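Engineer: The amino acid sequence is not available; the structure is as follows:
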């Protein structure tokens, strides 16, 4: 899995499969039952931090390459995003209501920005998944809405799904009280795999099913 991620070809199992693999490896390596190590955490904390730092330094290239494509795509959108917004408006304009717009990561940024900049009454629900839209707004970098301006009234209901382990997924309710419903999910993956694992998580589909018109 580490090699696949380093080559930008991630193999992301679902959380159940990953947990089963971890448990099987731990048992073969003689791990103690859960809870039996209570009290030794403080003794292991500093060595663990040193090991983690060393691993991060050794994997710096892989971590940088994992984050770079997303960052570059976002910067490109922020500088030349109008053709994408225009195309999304055209596609939505051809659909019969009710329309649900779902965007993951940069797709969520584009969807939010498009709905902010122009009323699209066909759209009844915006769904963002692992998206940086709230962060860009708070940073003053979202093209269509300057912080601290409120979310326009024409923006539809907004469901925002995020995994707390996904460092690229942000909450929106604190920034837009009463306008965004944040739902935390557990993809049971470390970062950066957590950012790509939403669509293997049944909780995502349950959250969507409960909100579809």
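Structural biologist: Looks like it arrived, so ask away. All figures in this text were calculated on a predicted structure; none of them were measured in a lab.
Engineer: C-alpha only now, for contacts and for neighbours.
Structural biologist: OK.
Engineer: tell me which element the residue lying closest to residue 81 once chain neighbours are set aside is part of?
Structural biologist: Using Cα to Cα, 6 or more residues apart in numbering and skipping residues adjacent in sequence, the residue nearest residue 81 is residue 110, 8.0 Å away. Assigned by DSSP states H and E, residue 110 belongs to helix 106-117.
Engineer: Against which helices or strands is that helix packed?
Structural biologist: Here helix 106-117 touches helix 60-80, helix 82-93, strand 99-104, strand 123-129, helix 133-138, going by 3 or more Cα pairs under 8 Å, 6 or more residues apart in numbering; DSSP states H and E.
Engineer: Touching, the residue nearest to residue 81 and residue 87? I think so.
Structural biologist: No. Using Cα atoms under 8 Å, residue 110 is not in contact with residue 87, being 10.6 Å away.
Engineer: So between the two, which is more surrounded?
Structural biologist: Each of residue 110 and residue 87 has its neighbours counted (other Cα atoms under 10 Å); residue 110 has more, 26 against 12.
Engineer: Identify the residues contacting the more buried one.
Structural biologist: 81, 84, 85, 103 (Cα atoms under 8 Å, 6 or more residues apart in numbering).
Engineer: Put together CSV for the residues you listed, with pLDDT and distance to residue 173 on each row.
Structural biologist: Below are the contacts of residue 110 laid out as CSV (pLDDT from 0 to 100; distance: Cα to Cα, whole Å):
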residue, pLDDT, distance to residue 173
81, 90, 25
84, 95, 26
85, 96, 24
103, 97, 17
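Engineer: Narrow the residues you listed to just the buried residues.
Structural biologist: Buried by 16 or more other Cα atoms under 10 Å: 81, 85, 103, out of the contacts of residue 110.
Engineer: and the last one, how far is that from residue 200?
Structural biologist: Read that as residue 103. 16 Å (Cα to Cα, to the nearest Å).
Engineer: for the first one, same thing?
Structural biologist: Residue 81 sits 29 Å away from residue 200, going by Cα to Cα.
Engineer: nearest residue to the residue most central in space within the chain other than its sequence neighbours?
Structural biologist: Closest residue to the average C-alpha location of the chain: residue 130 at 1.6 Å, with Cα atoms, centre = their mean. Residue nearest to residue 130 in three dimensions, not counting chain neighbours: residue 169, with 3.9 Å by Cα to Cα, 6+ apart.
Engineer: Looks to me like the one you found is in a helix.
Structural biologist: No. Assigned with DSSP: H, G, I helix; E, B strand; the rest coil, residue 169 falls outside any helix and is coil.
Engineer: list the contacts for it?
Structural biologist: With contact set as Cα under 8 Å, 6+ apart, residue 169 has these partners: 105, 129, 130, 131, 132, 162, 163, 195.
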